[in-house]
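1. Just need the structure, nothing else, for what follows:
(one chain, ligands or ions: 1)
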Amino acid sequence: MGPTPAFLVLLGAMWTCLLSAAPQAFPAPSISLIPSGSIIPGTNMIIRCWADLSGMRFLLYKVGVLDALRHVEPAGNKGEFPITNARQEDSGNYTCRYQTLDEPPKWSYHSNPVELVVKGEILCSLESRHPSSQPHSPSGTGIGP
Ligand SMILES: *[C@@H]1O[C@H](CO)[C@@H](O)[C@H](O)[C@H]1NC(C)=O
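-> Numbers count the residues shown, from 1 in each chain. This next block holds a predicted model:
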């Protein structure tokens, strides 16, 4: 059992496209969340990105955000991005990629996305805002003589 013909055609098309469009990029790194699964707000966790190559700069991206959020230059082949005190705003899909340290850098493809879910506390949605019910006090004061 091998790849399906459709997959091979797709692969072929992608390859042709690559050859004609851009210099070849490094293979995509892998990405995972530690711990995996969803977490509650305040948790510390790590987004780990790793490649087959060492001595690279790893960059972390959030889907929907153009620029890299952070980067690290580990000695080995594993970049780690700690998230301390995770907040709900940290929820999202993350990818990473790596680049060489020389100029101009050579890039890898983006990893597959991993989804980070920071589960909100179930708060009673107390209406803290009152409909502005301040009575308009008749402004009868102080018209001096
Ligand atoms: C992550 O991506 C999946 C698939 O596109 C989407 O359904 C999900 O809502 C995304 N998660 C967040 C937190 O944006």
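2. residues in contact with residue 91?
-> 116-118 (CB atoms under 8 Å, 6 or more residues apart in numbering). The way it works is simple: take the backbone N, C-alpha and C, and place the C-beta from them, glycine included.
3. again with residue 28
-> So residue 28 contacts 97, 108-112 (CB under 8 Å, 6+ apart).
4. ok, how many other residues are close to the residue lying closest to residue 78 once chain neighbours are set aside?
-> Beyond its immediate neighbours in the sequence, the residue positioned closest to residue 78 (CB to CB, 6 or more residues apart in numbering) is residue 50, lying 4.4 Å away. Using other CB atoms under 10 Å, residue 50 has 20 neighbouring residues.
5. ok, the contacts of residue 28 vs the ligand, which is closest?
-> residue 112 (10.9 Å; CB to the nearest ligand atom).
6. from what I can see the closest one touches residue 31, true?
-> Yes - shown here, residue 112 and residue 31 form a contact pair, counting by CB atoms under 8 Å, at 6.8 Å.
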